[in-house]
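Asks: Give me a 3D structure for the following:
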Amino acid sequence: MPLNVPILLTWLRIILIPLFVGIFYFEKSWVSEANQNLVATVIFTVAAITDWLDGWLARRLNQTSAFGAFLDPVADKLMVAAALIVLVQIARVDAIIALIIISREITISALREWMAKIGEAKSMTVSFLGKIKTVSQMVAIPLLLYHDEIGILDPQRLGTWLIYIAALLTLISMGYYLKMALPQAWKHN
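Replies: Residues are numbered from 1 along each chain as shown. Next up, the predicted model:
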């Protein structure tokens, strides 16, 4: 396993998950709800930034690796799934929205693995729609975590709209990926 700065950042993202989830289990007498929201938002935002940064550094420093290419999306999916589960638990996201997003991530990961196994991995590259979905969810989640109003901005309302948009884009992008894989499924049946 190669060990470089991009992979260390990816591991950091994975290590942050229990800290991120754990903040909501502290007694309210130890940490107020507002501080829990703030800490969770900061942790998730740091994780989201490291997601972008590790990829950028890997390309910039020519430190890309098969292990990094495997670990990075796993870390992303774990962090997003953990955030969505927490948001469902604290009643800021509907369970159906979390289920749509998490199910799509599992389905597309399995589909990518299968496509790689049959030698068709290049046909499963990330689409522009998938990138818009990711941006929508990476903006929505911190807003939903923060929750408290910021002046006239209502993070809960904006975050809710963005997570609904992300869920819709999730369904559309899943259809796109399944459509791309269908000819291979018929061919390798």
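Asks: The host helix or strand of residue 16 - contacts with which helices or strands?
Replies: For residue 16, the host element (DSSP states H and E) is helix 5-22. Helices and strands touching helix 5-22, by 3 or more CB pairs under 8 Å, 6 or more residues apart in numbering; DSSP states H and E, are helix 33-60, helix 66-89. Yep, even glycine has a C-beta here, placed from its N, CA and C like the rest.
Asks: Turn the ones you listed into CSV, columns for distance to residue 133.
Replies: Output for the helices and strands packed on helix 5-22, formatted as CSV (distance: least, CB to CB, whole Å):
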stretch, distance to residue 133
helix 33-60, 14
helix 66-89, 11
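Asks: Could you identify the longest helix within the protein?
Replies: The single longest helix within the chain, with elements called by DSSP state H, is helix 155-187.
Asks: Quickly note the distance from the spatially most central residue of the chain to residue 34.
Replies: In the chain, the centroid-proximal residue (CA atoms, centre = their mean) is residue 80; its distance is 3.6 Å. Distance of residue 80 to residue 34, given as CB to CB, to the nearest Å: 24 Å.
Asks: Check which helices and strands the longest helix of the chain is in contact with.
Replies: Packed next to helix 155-187, using 3+ CB pairs under 8 Å, 6+ apart, are helix 95-117, helix 128-146.
Asks: how does it look with 10 Å?
Replies: On a contact count with 3 or more CB pairs under 10 Å, 6 or more residues apart in numbering; DSSP states H and E, helix 155-187 meets helix 66-89, helix 95-117, helix 128-146.
Asks: May I see the buried residues of it?
Replies: 155, 159-160, 162-167, 169-170, 173-174, 177, 180-181, 184 (16 or more other CB atoms under 10 Å).
Asks: Quick check: which ranges of the protein have low pLDDT?
Replies: By pLDDT under 70, the low-scoring segments of the chain are 1, 120-126, 185, 188-189.
Asks: related to what we said a few turns ago, just the CA coordinates for the helix holding residue 16, please, in CSV.
Replies: C-alpha atoms of helix 5-22 as CSV (Å, rounded to 0.1, in the frame of the first residue of the first chain):
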residue,chain,number,x,y,z
VAL,A,5,-0.1,12.8,1.3
PRO,A,6,-3.2,12.2,-0.8
ILE,A,7,-3.8,8.7,0.7
LEU,A,8,-3.1,10.1,4.2
LEU,A,9,-5.9,12.7,3.6
THR,A,10,-8.2,10.0,2.4
TRP,A,11,-7.5,8.0,5.6
LEU,A,12,-8.1,11.2,7.6
ARG,A,13,-11.5,11.4,6.1
ILE,A,14,-12.3,7.9,7.2
ILE,A,15,-10.9,8.5,10.7
LEU,A,16,-13.1,11.7,11.0
ILE,A,17,-16.3,9.6,10.6
PRO,A,18,-16.5,8.3,14.2
LEU,A,19,-15.7,11.7,15.5
PHE,A,20,-18.3,13.3,13.3
VAL,A,21,-21.0,10.8,14.4
GLY,A,22,-19.9,10.8,18.0
